[in-house]
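Participant: Let's see this in three dimensions:
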Amino acid sequence: MTSKAHVNCSNCGEPALRKCTKCYVHVYCNKKCQSTNWDLHKTVCQKIRQDTWLEKIVERTAILTKELYLAFRQETYDRKVVKIEENQGKIIVHDDDRYSLRKGGCFVDFPHNLVKTQNMKDAITCTLVRQDGSGYFHGLIQQMIRGLGLCVEEVEVALRDPRPMQIIYSGRPLTQYNTSYTHFVLRLKSASGATWAIDITGGQYGIHRAFWDWADYEEKNIELIKTVLDFGKNKQFIEASSKLQGEGGMLYAIGLQAMVHAEKAVKKWEQGSRKELSMILAEPEPEFNRLKEEVVKIVRQAVKKFVSGADYTKPMEEARRHDAKNP
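Facilitator: Purely as a prediction, here's the structure:
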């Protein structure tokens, strides 16, 4: 996070309580000490204020992106969850993977009735996803942080002590664990070196905060950094994967088609409200929260409408036949 308030005078070093009214970090004994130190302090003061403002924007980007992703994923859900258990910190998901249970050859209703808490809902929503958050939402994230001069990277990590999630498929004798996968987070760096993490899909591992100071995130959650990619590589991965034959490729293609409707809804909302996504991030807290809920709602409605009218039964059957012939 941004710098914490000092306890000693930045001029003489004695204990002090008088905060600089611009950065609220450096403290002074009195007005004289503050005036004496100003020439040295003003550059640092400006940096602290800039990083504090940037941190607020990045935090709101994280919050909005996560809520948008959760809405998007819940409306395009493709896992028929019939039972959820918790056992000594582990989540056990029973998934009925019979294809006949899917609407339009692909979709199922999200199991809102089975999730007891918001954290549980986050976890079930993000089950077994890796690149999806930054991949599908690359364009909207770009809109939010446009012009901020941030370096954004997609970091693939092995997590430290992630909460395990076990998926038991009823239609075939297979058990799968989320811990068999690596995880992707965004790392954002300011020109001054301040660095933050955005974790959109960490709920499946028990990481429910979307926004972190990078050093804190690394210390608490990262066992190993495996790769560091330019922002946009996960989007390219999804686009390339969507062209592959088989069920996996079809699911990515359907996700991209759903995102077209989500992005169109955001564009229409921006035109109607005369506000861009980047603008609402700087609004006062109550107004930001109100506008955030509006945007999440219109994206959910747009994706829900797309799903209700979609029928991928034949292409999904062809994709599964391909997989059966090419195991």
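
Participant: could you pull out the helices for the stretch 1-150 of the chain?
Facilitator: Assigned by DSSP state H, counting those that start in this stretch, the helices in the stretch 1-150 of the chain fall at 31-75, 118-125, 132-136, 138-145.

Participant: Dump these into TSV; add distance to residue 236, mean neighbour count and mean pLDDT as well.
Facilitator: Using the backbone N, CA and C atoms, a C-beta is placed for each residue, glycine as well. Below are those laid out as TSV (distance: least, CB to CB, whole Å; neighbours: other CB atoms under 10 Å; pLDDT from 0 to 100):
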stretch	distance to residue 236	mean neighbour count	mean pLDDT
helix 31-75	18	18	88
helix 118-125	24	18	96
helix 132-136	8	26	98
helix 138-145	9	19	97
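
Participant: Indicate which one of those helices is closest to residue 282.
Facilitator: helix 31-75 (6.7 Å; CB to CB).

Participant: got the angle for that closest one vs helix 138-145?
Facilitator: Calculated by axes from the mean of the first three to the mean of the last three CA atoms, to 10 degrees, helix 31-75 forms an angle of 160 degrees with helix 138-145.

Participant: and of the helices of the stretch 1-150 of the chain, who's closest to residue 251?
Facilitator: Between residue 251 and the helices of the stretch 1-150 of the chain, the shortest separation by CB to CB is 10.2 Å, and it involves helix 132-136.

Participant: what comes into contact with that closest one?
Facilitator: With CB atoms under 8 Å, 6 or more residues apart in numbering as the test, helix 132-136 has contacts from 65-66, 69, 72-73, 141, 154, 184, 186, 200-201, 231, 234-235, 237-238, 255-256, 259.

Participant: Tell me how many other residues crowd the closest residue to residue 60 other than its chain neighbours.
Facilitator: Closest residue in space to residue 60, ignoring its immediate chain neighbours: residue 281 at 4.4 Å, by CB to CB, 6 or more residues apart in numbering. Residue 281 has 21 neighbours, counted by other CB atoms under 10 Å.

Participant: The helices of the stretch 1-150 of the chain into TSV, with extra columns for distance to residue 7?
Facilitator: Listed next are the helices of the stretch 1-150 of the chain as TSV, based on distance: least, CB to CB, whole Å:
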stretch	distance to residue 7
helix 31-75	14
helix 118-125	36
helix 132-136	39
helix 138-145	34
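
Participant: Tell me which of those lies nearest to residue 249.
Facilitator: For these, the distance to residue 249 is smallest for helix 132-136, at 14.1 Å, taking CB to CB.

Participant: and that closest one, C-alpha only, in PDB?
Facilitator: Extracted C-alpha coordinates of helix 132-136, given in PDB (Å, rounded to 0.1, in the frame of the first residue of the first chain):
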ATOM      1  CA  ASP A 132      -9.800 -16.000 -18.200                       C
ATOM      2  CA  GLY A 133      -9.800 -12.900 -16.000                       C
ATOM      3  CA  SER A 134      -7.100 -10.900 -17.700                       C
ATOM      4  CA  GLY A 135      -7.700 -12.600 -21.100                       C
ATOM      5  CA  TYR A 136     -11.400 -11.900 -21.600                       C
END
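
Participant: Now residue 85: closest residue in space that isn't a chain neighbour?
Facilitator: residue 92 (4.2 Å).

Participant: can you pull the contacts of the one you found?
Facilitator: By CB under 8 Å, 6+ apart, the contact set of residue 92 is 84-86, 165-166, 168.

Participant: Find the least confident helix or strand in this structure, judged by mean pLDDT.
Facilitator: strand 174-177 (a mean of 82; mean pLDDT, DSSP states H and E).

Participant: Return the set of buried residues in it.
Facilitator: residue 176 (16 or more other CB atoms under 10 Å).

Participant: and residue 129, what does it touch?
Facilitator: Contacts of residue 129 by CB under 8 Å, 6+ apart are 73, 201, 204.

Participant: how far away is the first one from residue 19?
Facilitator: The one in question is residue 73. The gap separating residue 73 from residue 19 is 43 Å, by CB to CB, to the nearest Å.

Participant: returning to what we had before: and the contacts of residue 92, which are buried?
Facilitator: Among these, those scoring as buried are 84, 165-166 (criterion: 16+ other CB under 10 Å).

Participant: Mind checking which residue lies nearest the centre of the chain?
Facilitator: The centroid of the chain falls nearest to residue 200 when counting by CA atoms, centre = their mean (1.9 Å).

Participant: Give me the phi and psi for that one.
Facilitator: According to degrees, to the nearest 10, the main-chain angles of residue 200 amount to phi -80, psi -40.
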